[in-house]
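Chemist: Predicted model and sequence follow; I will ask about them next.
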Amino acid sequence: MSKVAFLYTIGTTYLTAQMAKAADLVPTVPGSGNSALVAGLNGVTAVWGGGPPADPFPSLLDPNIFDAKKVFYPAAGLGMAASIDAGIQNVVNEINNLPAGQKFCLGGYSQGAAVMSGVYNELRSGSLTSRNADMIGATMFGNPRRQVDYRGSVGGTWSGSFNVPGSTTGGHGSFPATGPYARLSGCESSRWIEFAAPLDIFSSVATTGGTTLERNLGIDWVSGNDIFLGSASLQQWATYLLAGGAIAISSAIAISIGNAAQTMTDAAGTVFSWLGGNGHTTYPFVPPVGDPDNGLTAYQIALKFLTTKANEYATAPILLPPTPSSTTGAGWSTTLVTPAV
């Protein structure tokens, strides 16, 4: 049996993603400075310094089962629409290059999850419908296109929002509900899972519920993302924020919340607080809310999910093709027949 292909798109890093190398897939020994040990399954670990290009998730997959590859794209923080479009096309190209019938899985973090959401739409109703059945599992972290209240079969027990303290439902991605980069709908629990953490301003936003101020913060932040998607330059974004008004103020508040650092403990038991991004960067180190899998982090649960899906494929019964029809004579036969002269 051939390995299951795994395609992964990283989060936002402006232009640094273009400089990332395939060596990022290789776990390294612990280093000094700002580095943390990320746990996989069965004792596998990888060191990560916090930079999205070096996201270790693909390297934590079992190489005997998966052929893992990062699919690079601009991952730009500004002019994000064009960046996402480029990422979708790059992943579409990778899938089209896979042998017919080869099974594959998808993964994405942050803007990378927005890219894979577009690929998911292509599989379901776009240019990749012929390969839809070959996609056997996908896992997303901090997805700005996350469907309202969606987690999937193993994504945890929580779907609240950063802007409504204490909420447990009503959360969704920060991208708009409509348009070319709209939040997802109709996700399939059996093969598409999402992880959304409290205080993650990109995947955990509410536009209903809460007080008027809390609700408006979410509504304005989503509107800010809409402008952000069409923003072409840092100067335009800065002008937008400095312009004042409800959307600009709410966006500034959300960005301030989202930039905060969290204190976390890595797989070696080291406590650190140098990684910014607040809830958006917790997935490699912290279990989902409710601790649905006995202390496993979001990364570990995702690895377990993908491995299970791959093993289901590997152990699936082999179905013989139909024998020739007595009426049409068409089909395959498992019986050797002397060829016609």
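Modeler: Cool, got the structure. Numbering: from 1, shown residues only.

Chemist: can you give me the helices for this protein?
Modeler: Per DSSP state H, the chain carries helices over the ranges 80-97, 111-125, 212-230, 234-242, 245-259, 298-314.

Chemist: Find the one among those helices with the highest mean neighbour count.
Modeler: Each of the helices of the chain was scored by mean neighbour count; the highest is helix 111-125, a mean of 25, by mean count of other C-beta atoms under 10 Å. In this view, the C-beta of every residue, glycine as well, is placed from N, C-alpha and C.

Chemist: Summarise which helices and strands that helix is packed against.
Modeler: Helices and strands touching helix 111-125, by 3 or more C-beta pairs under 8 Å, 6 or more residues apart in numbering; DSSP states H and E, are strand 4-9, helix 80-97, strand 104-109, strand 135-141.

Chemist: what's the burial count for Thr315?
Modeler: By other C-beta atoms under 10 Å, 8 other residues sit near Thr315.

Chemist: ok, now how distant is Asp134 from Ser2?
Modeler: Going from Asp134 to Ser2 by C-beta to C-beta, to the nearest Å gives 12 Å.

Chemist: list residues touching both of the two?
Modeler: Gln102 (C-beta atoms under 8 Å, 6 or more residues apart in numbering).

Chemist: More neighbours: those two, which one.
Modeler: The neighbour count for Asp134 versus Ser2, taken as other C-beta under 10 Å, is higher for Asp134 (20 against 10).

Chemist: ok, so what distance separates that one from Gly152?
Modeler: Asp134 sits 19 Å away from Gly152, going by C-beta to C-beta.

Chemist: Equivalent analysis for Ala260, please.
Modeler: Taken as C-beta to C-beta, the span from Ala260 to Gly152 is 27 Å.

Chemist: Looking at those two, which has the bigger crowd around it?
Modeler: Neighbours were counted for Ala260 and for Gly152 using other C-beta under 10 Å; Gly152 has more, 21 against 12.

Chemist: which ones are touching the nearest residue to that one once chain neighbours are set aside?
Modeler: Of all residues not flanking Gly152 in the chain, Ile193 sits nearest, at 3.2 Å (C-beta to C-beta, 6 or more residues apart in numbering). With contact set as C-beta under 8 Å, 6+ apart, Ile193 has these partners: Gly137, Ala138, Thr139, Met140, Arg151, Gly152, Ser153, Val154, Gly155, Ala302, Phe305.

Chemist: just Ala267 next, same as before
Modeler: Ala36, Leu37, Val38, Ala39, Thr45, Phe285.

Chemist: how close does the first one get to Gly101?
Modeler: The spacing between Ala36 and Gly101, counted by C-beta to C-beta, is 39 Å.

Chemist: So for these two, which residue has more residues nearby?
Modeler: Taking other C-beta under 10 Å, Ala36 and Gly101 do not tie; Ala36 has more neighbours (22 against 9).
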